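Q: Okay, here's the prediction I keep looking at, along with the sequence it came from:
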Protein chains: 2
Amino acid sequence: MTKDENSRDHIQSLERGFQVLLAFDADRPNPSLAELASATGLSRPAVRRILITLQSLGYVKGEGGHWSLTPRVLSIGQHYSASHAMIELSQPHLMRLAEQTSESASLAALDGTDVVYIGRVPVRRIMSINIAIGSRVPAYATSMGRVLLAWAPPKHVDEVIDAGLRPLTRNTVTDPDEFRRELRTVRAEGYSIVAGELEEGLLSVSAPVRDQSGTVIAALASSTSSGRATVEELRSEIAPLVVRTADAISADYGHRASGKATSTVHREHEGFF
Amino acid sequence: MTKDENSRDHIQSLERGFQVLLAFDADRPNPSLAELASATGLSRPAVRRILITLQSLGYVKGEGGHWSLTPRVLSIGQHYSASHAMIELSQPHLMRLAEQTSESASLAALDGTDVVYIGRVPVRRIMSINIAIGSRVPAYATSMGRVLLAWAPPKHVDEVIDAGLRPLTRNTVTDPDEFRRELRTVRAEGYSIVAGELEEGLLSVSAPVRDQSGTVIAALASSTSSGRATVEELRSEIAPLVVRTADAISADYGHRASGKATSTVHREHEGFF
DNA sequence: CACCTCCGGTACGCTATGCGTACAGTCTGA
DNA sequence: TCAGACTGTACGCATAGCGTACCGGAGGTG
């Protein structure tokens, strides 16, 4: 077959393995072999081989004709965290920010058009969203996404816009021009505030975290709900604290602040994460 | 080659893919192709093919001859969390326990001879250990491990003992008989307290969480340090709270308490996780 | 009780898949 | 300028991994 996207240098069995692994879901927690086969579109023997391999690696477990993921799947992420020193290093800062504000503090990185939580100290359950490390949220509708995009190569911004700015609440910015203007504002002010664009009543402030070279590699956020604070309060009280904390993390990570927040707008390479 | 452990039904490329993915580490955050090849023992072209495949799946990123993991790796774990409703459901309970005790609260499951953190609300940084969701700790030296082993099939206990009870501090229980006695005590009392066996000065109390059938599938813990509490205080004040919270999680998950804590000692199958 | 259906497991032969060797091109440092 | 170490590519071979086909068992249904 010459129809494949990558054709050469693409290992079919590896991709299929992930297909099966990712087929486990909230809707499909204990699938049978046949169920997985139809969900992935693979033949039953193929799925069986994959499951047996995954089982021998300890990632899945078969029992009474039904399969489930083991906690070892969670440990895979440890390799990401461990290989990015910034994450561990930011933990005390997150904790302090959460204490000072009595609100949840989060750290996130950009992955495609999504924002992925890479660190978090929960304080209260925020609205209906269940946020945990590894959770994904559309970048365009969150303060962390805005920060990351504001300093990202233009290519990324185009990607996000091309993917579509769908209204998630009636406040969501969906106009490309307005969105780009918003990013420019964020870059000028050094932080982002988003109010109820991802979910009604959800407020958050976010500021950039930089590596040694000044590249923005993550975003720090403090989140609250409209019942507990107003946008103005966030701007005057919380935003400076978030910016200061983000700068502290950057400094810990090796970034020498050069004046204010104007080091490098963006680097040629796409950032560390 | 007929020497392989499983021979048939084992997919080589899949295993190799994970080998490469897991080769990223704190010591090897941005390996080169050659570095990964020598670390995994695979040929350079093989590693290259795997990297290209993983890149197309979004898990790694190559840049200037060096490779790194992307945050998408963290999202893999979401499939575990999502497929085990108990985790999300336990979150408010963890939060409440953390508030009531002003100490970190954790939830963990058994994976082989390790305990894996599957939920956590941090309050303070505990000692030198960096604990995050997905972190692994030897089961035998922690209160959560003791709880999980106390109700696990004997086979698991044998495994842990066979793997060796190495002293991690001078308090670590290393004698197999004493260890089994300890597990019996835990089962009788319905909770476990471990003081400084994993790390000097680290104290924790743990209680079992059960599923519908009464099988122990997770352990809930509250952790503190010897500077802030004594074993006696833990026993009289914190332990009952941890047990009550664990029971509440079990109830939320569908377990009907049958009297006290004496439902099923252990089920034939190995538990849900 | 016989029939049907859906399942998981196994066998097997084929071929495309993935393999390693070998070579080319590049960069760095001696 | 050369040596060494690296990445990337080409290529031909072996086999790894594929799907079809078949078997036996477990419900469900008439």
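A: Nice, thanks for sending it over.
Q: Burial check on whichever residue of the stretch 51-200 of chain A sits closest to DNA strand C, number of neighbours?
A: Using CB to the nearest atom of the strand, the closest approach of the stretch 51-200 of chain A to DNA strand C is made by A:Gly65 at 4.4 Å. Using the backbone N, CA and C atoms, a C-beta is placed for each residue, glycine as well. A count of neighbours around A:Gly65, defined by other CB atoms under 10 Å in any protein chain shown, yields 9.
Q: For it, which non-adjacent residue is closest in space?
A: With CB to CB, 6 or more residues apart in numbering or on different chains as the measure, A:Ser32 is the residue that lies nearest to A:Gly65, at 5.6 Å, once sequence neighbours are left out.
Q: Now the one you found: phi and psi?
A: The phi/psi pair for A:Ser32 (degrees, to the nearest 10) reads phi -90, psi 170.
Q: so it touches A:Trp67, yeah?
A: Yes. With contact taken as CB atoms under 8 Å, A:Ser32 and A:Trp67 are classed as touching, separated by 7.4 Å.
Q: Could you check which of these two has the larger neighbour count?
A: Neighbour comparison, A:Ser32 and A:Trp67: the larger count goes to A:Trp67, with 24 against 14 (by other CB under 10 Å).
Q: how distant is the strand or helix carrying that one from the center of its chain?
A: Taking DSSP states H and E as the definition, A:Trp67 sits inside strand A:66-69. Relative to its chain's centre, strand A:66-69 lies at 27 Å (CA atoms, centre = their mean, to the nearest Å).
Q: and that strand, does that touch DNA strand D?
A: No. Strand A:66-69 lies out of reach of DNA strand D by CB under 7 Å from any atom of the strand, never closer than 12.6 Å.
Q: Quick one: mean pLDDT over that strand.
A: Averaged across strand A:66-69, pLDDT comes to 95.
Q: Which residues of chain A lie near DNA strand C?
A: Chain A has residues A:1, A:10-14, A:32-35, A:37, A:44-45, A:48, A:62, A:65 near DNA strand C, with proximity defined as CB under 7 Å from any atom of the strand.
Q: at 6 Å what do you get?
A: When proximity is defined by CB under 6 Å from any atom of the strand, chain A lies next to DNA strand C at A:Met1, A:Ile11, A:Gln12, A:Ser13, A:Ser32, A:Leu33, A:Ala34, A:Pro45, A:Arg48, A:Gly65.
Q: Can you tell me what sits against stretch A:88-96?
A: Residues from elsewhere that reach stretch A:88-96 (CB atoms under 8 Å, 6 or more residues apart in numbering or on different chains): A:81-82, A:105-107, A:119-121, A:209, A:218, A:220, A:245, A:248-249, A:252-253, B:122, B:124-125, B:130.
Q: Filter the residues of chain A next to DNA strand C down to the buried ones.
A: For the residues of chain A next to DNA strand C, a burial check counting by 16 or more other CB atoms under 10 Å in any protein chain shown picks out A:Ile11, A:Ser13, A:Leu33, A:Arg48.
Q: Name the nearest of the residues you listed relative to A:Thr185.
A: For those, the closest approach to A:Thr185 (CB to CB) belongs to A:Ile11, at 44.5 Å.
Q: got the contact list for the closest one?
A: Contacts of A:Ile11 were listed using CB under 8 Å, 6+ apart, and they are B:Ser13, B:Gly17, B:Arg49, B:Ile50, B:Thr53.
Q: Among these, name the ones in helices.
A: B:Ser13, B:Gly17, B:Arg49, B:Ile50, B:Thr53 (DSSP state H).
Q: Let me know the secondary structure of A:Glu233.
A: Using DSSP: H, G, I helix; E, B strand; the rest coil, the three-state assignment for A:Glu233 comes out as helix.
Q: related to what we said a few turns ago, make CSV from the ones in helices among the contacts of A:Ile11 and add distance to chain A and pLDDT to it.
A: Converted to CSV, the ones in helices among the contacts of A:Ile11 look like this (distance: CB to the nearest CB, whole Å; pLDDT from 0 to 100):
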residue, distance to chain A, pLDDT
B:Ser13, 4, 92
B:Gly17, 4, 94
B:Arg49, 5, 91
B:Ile50, 6, 93
B:Thr53, 4, 93
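Q: possible to save the residues you listed as TSV with distance to B:Arg184?
A: As requested, the ones in helices among the contacts of A:Ile11 are arranged in TSV below (distance: CB to CB, whole Å):
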residue	distance to B:Arg184
B:Ser13	46
B:Gly17	43
B:Arg49	52
B:Ile50	47
B:Thr53	50
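Q: Identify the farthest-apart pair in those residues.
A: Within those, two members stand farthest from each other by CB to CB: B:Gly17 and B:Arg49, at 9.6 Å.
Q: if you count what's nearby, which of these two comes out ahead?
A: Regarding B:Gly17 and B:Arg49, a neighbour count based on other CB under 10 Å identifies B:Gly17 as having more, with 24 against 21.
Q: is it true that the more buried one touches B:Ile52?
A: No. The criterion here is CB under 8 Å, and B:Gly17 misses it with B:Ile52 at 11.3 Å.
Q: Measure how buried A:Glu159 is and give me the count.
A: A:Glu159 is surrounded by 15 other residues when neighbours are defined as other CB under 10 Å.
Q: go on, the one 3 residues further on?
A: Here the count is done by other CB under 10 Å, and A:Asp162 has 10 residues near it.
Q: Contact partners for it?
A: Taking CB under 8 Å, 6+ apart as the test, A:Asp162 contacts no residue whatsoever.
Q: quick one: it is in a helix?
A: Yes. Assigned with three-state DSSP, A:Asp162 falls within a helix.
Q: rewinding a little: the contacts of A:Ile11 also near DNA strand D: which ones?
A: With the criterion set as CB under 6 Å from any atom of the strand, the members of those near DNA strand D are B:Ser13.
Q: And the residue most central in space within chain A, how close does it get to DNA strand D?
A: Averaging the C-alpha coordinates of chain A gives a centre point, and the residue nearest to it by CA atoms, centre = their mean is A:Val116 (0.9 Å). As for A:Val116, its distance to DNA strand D is 26 Å (criterion: CB to the nearest atom of the strand, to the nearest Å).
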